[in-house]
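Engineer: prediction below, plus the sequence it came from.
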Amino acid sequence: MKHLENYRDFDQAAAELHARLSAHLDARGSAAHLAGRHGASEFGSPFRRPNYALLSSVLAALLLAISGAAQAASIDARSPSFADVSTAVAAAAKGDTVIVPAGTASWTKTLVINKPITLIGQTTVNYTNETASDQTIILDDVSRSISPPAPIIHAIVTSGDMAVEPKVPLLQIKGFTFRVSPNTTSGAENGAIMLTGTCPAVRISNCHFDRLYQRSVNTYGWMYGVMDNCLHTFTQRVLLGTMGMANYNGLQYGDGSWAEDAHWGSYKFFFVENNVVHNVVKAGGNMDAKRGARYVLRNSKFYDCSVIQTHGTEGDRDRGCRAIEFYNNICNRSTGGPGTPGGLRSGNLLFHDNKYTGVDLGNPWVGAWVARLGTAFTPWLLASGANPWDQNDPHGLYASGTAVTASVVSETGKTSFKVAGNLSAYNTGYYTIQNTRTGLGGIIRGAVYNSTSNQTLITCEYSIAWATSKVTFNIGDPFRICRVLRVLDQTGLGAGKLLSGTAPTATPLNGAVNEGSYAWNNTQANGTKVAIHSGAPANPTFVEGRDYFNFAPPFAYTPYTYPHPLARDLAPPSALQIVP
């Protein structure tokens, strides 16, 4: 029993022992039909020596003693049709394996998995050759009339102990080709596979996401695990995935994730490794993130993708992305491909040892910015220099007055209007201006004084991604000029106070500690470095040497075990003895 002493969670112990046992036992037994279950006592022993039979019975009894895992079975779906697979999944118990044969089937509904099982098709992916052997093919005909649009597979699973480092999968989806259907030509924001619930040991592997109108994966729940050896072929503007940990530590909105350290180099992330992304359309292809997400992209090959992308604490109650590690990847850019490695709207990044090949990047840096500098999102509102969520210049109000002309609003993110008097002192210094009638505003990018008219032409910036952020002034609209120094949950900030509820009390930066982003050993083919930068034009709340650093971190950091333990096939138990 010493082998079990380190396990705090019986599910995890049972899963590992069952994985090891299955290397000796033919769990499938005879070719069972639909929903055919095989208990441990039904296994036909493939062993010739009696001691092996005794070994199997002892291990089976051990599994039964700790969690009932001796009853783990394999169930063969008759075909890859939705009806046959969903029936087999319904018949499966916790810890069972559902095996789906080769073939092609159109699914018009979402397959819901609500227990920790293994679902295996016959597709395989060759990472080296960047090809897939498409054997079990699911055509995406899932209805887009559902709001929000439904995934192809929705795993809603709570199992395992999040404080125990995982060794074998509790939930596994393996060996499927998810392919575009000629009947479905619209997107679905929740992904081909959506993961919700709480589980430390999820594995998605050997899947081909083939020309879909939706992203490959969406982790909405508190999930640790890995997506390994998958091929993504994008012919539409879609995302590689959306990462989130909304219910981290049993809370909501990602608040729990933002109350903790980043846990760099640990298992407490969702990993994507040994993936290949062929972004044929040369747009999208990013891995987006919010709700306190923590994800790692490593040892993968990306073609014409910016890849790194986050949402910030901005457009709803959800918090932004918390932490990203991006390393040992090969990112190839062809003519017309995205000219940047990505951007950060919140959270921190360890960015190292990546090779950027092909056509040189136009902007060889990951740009740090915050959308609230130019958009008054609910509930956090504009980072105006007077917002209690942010760190504001203690000087307070610099100037106020009213507009003497109506604004001219461009579609390129600029608004210009005139005010009385000489306000040219605010031409530089990253001051913000806000229309206090509408609450809208942005960074001042120009303040040109005309002494003849005794007026100053103010030009401010807004975020063009949101139509509601367009800053307009009518004649007589009041304004105020302040300055914001740092913004809630921006890059460069780490753990803060634990928030809760739909309307938490605002305090500056929520009491967050400093926690920088670091970039090192990232190179282009021309020998230039790929770094982290505050954007162009510079975003005023980011300071190199405080919020981001273009060198290796000064603290101890070792990347997490590679390959990920969940991506390994376990060997059978060794050094076991049967004592009469």
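Structural biologist: Thanks, I have it. Numbering: from 1, shown residues only.

Engineer: got the contact list for the spatially most central residue of the chain?
Structural biologist: Ranked by distance to the mean C-alpha position of the chain (Cα atoms, centre = their mean), the top residue is residue 243 at 2.1 Å. The neighbours of residue 243, taking Cβ atoms under 8 Å, 6 or more residues apart in numbering as the test, are 219, 270, 287, 288, 289, 290, 293, 294, 295, 321. C-betas here are computed from N, CA, C, even on glycine.

Engineer: that one pairs with what?
Structural biologist: Beta-bridge partners of residue 243, counted by DSSP bridges, are residue 219, residue 289.

Engineer: same deal with residue 193?
Structural biologist: Where residue 193 sits in a bridge, its partners, by DSSP bridges, are residue 153, residue 217.

Engineer: picking up where we left off before, quick one: the residue nearest to the centre of the chain from residue 269, how far?
Structural biologist: Distance of residue 243 to residue 269, computed by Cβ to Cβ, to the nearest Å: 9 Å.

Engineer: can you pull the residues that touch both of the two?
Structural biologist: Common neighbours of residue 243 and residue 269 (Cβ under 8 Å, 6+ apart) are 294, 295.

Engineer: between the contacts of residue 243, which has the most around it?
Structural biologist: residue 321 (34 neighbours; other Cβ atoms under 10 Å).

Engineer: that one against residue 348, yeah?
Structural biologist: No - contact criterion Cβ atoms under 8 Å: residue 321 and residue 348 do not qualify, at 9.0 Å.

Engineer: what helix or strand does the closest residue to residue 448 other than its chain neighbours sit in?
Structural biologist: Excluding the flanking residues, the one nearest residue 448 by Cβ to Cβ, 6 or more residues apart in numbering is residue 457, at 4.7 Å. Using DSSP states H and E, residue 457 maps to strand 455-461.

Engineer: tell me what that strand is packed against?
Structural biologist: strand 414-420, strand 432-435, strand 441-450 (3 or more Cβ pairs under 8 Å, 6 or more residues apart in numbering; DSSP states H and E).

Engineer: looking at the ones you listed, which is buried most?
Structural biologist: strand 432-435 (a mean of 28; mean count of other Cβ atoms under 10 Å).

Engineer: chain center to that one: distance?
Structural biologist: On the basis of Cα atoms, centre = their mean, to the nearest Å, strand 432-435 sits 33 Å off its chain's mean C-alpha point.

Engineer: kindly report the same for stretch 458-465.
Structural biologist: Counting by Cα atoms, centre = their mean, stretch 458-465 comes out at 29 Å from the chain centroid.

Engineer: which residues are in contact with it?
Structural biologist: 371, 373-375, 411-419, 423, 426, 432-433, 440-447, 469-471.

Engineer: picking that back up, tell me who's in contact with the residue nearest to residue 448.
Structural biologist: 416, 417, 418, 446, 447, 448, 450.

Engineer: swap in residue 564?
Structural biologist: Residue 564 neighbours (Cβ under 8 Å, 6+ apart): 225, 226, 228, 271, 273.

Engineer: neighbours of the first one, just the number please.
Structural biologist: Put plainly, it is residue 225. Neighbour number of residue 225 under other Cβ under 10 Å is 25.

Engineer: where's it, which helix or strand?
Structural biologist: Using DSSP H and E, residue 225 falls in strand 222-228.

Engineer: and that strand, what does it pack onto?
Structural biologist: strand 193-205, strand 270-273.

Engineer: partners of the very next helix or strand once past it in the sheet?
Structural biologist: Next in sequence after strand 222-228, counting helices and strands by DSSP H and E, comes strand 231-234. Applying DSSP bridges, strand 231-234 is found paired with strand 208-210 (parallel), strand 276-279 (parallel).

Engineer: could you say which of the ones you listed is packed most deeply?
Structural biologist: Note that of the strands paired with strand 231-234, strand 208-210 is the most buried (mean count of other Cβ under 10 Å), with a mean of 26.

Engineer: relative to the whole chain's centre, how far out is that one?
Structural biologist: 18 Å.

Engineer: now do that strand: everything it contacts.
Structural biologist: 123, 125, 132, 134, 176-180, 192, 216, 230-233.

Engineer: out of these, which is nearest to residue 364?
Structural biologist: residue 232 (24.1 Å; Cβ to Cβ).

Engineer: how far away is that closest one from residue 131?
Structural biologist: Counting by Cβ to Cβ - residue 232 and residue 131 are separated by 13 Å.

Engineer: and these two? which has more neighbours close in?
Structural biologist: Using other Cβ under 10 Å, the more surrounded residue of residue 232 and residue 131 is residue 232, with 29 against 13.

Engineer: show me what the more buried one bridges to in the sheet.
Structural biologist: residue 209, residue 277.

Engineer: contacting residues around the residue lying closest to residue 241 once chain neighbours are set aside?
Structural biologist: Using Cβ to Cβ, 6+ apart and skipping the chain neighbours, the partner closest in space to residue 241 is residue 217 (4.0 Å). Residue 217 sits next to 191, 192, 193, 194, 195, 204, 227, 240, 241, 242 when contact means Cβ under 8 Å, 6+ apart.
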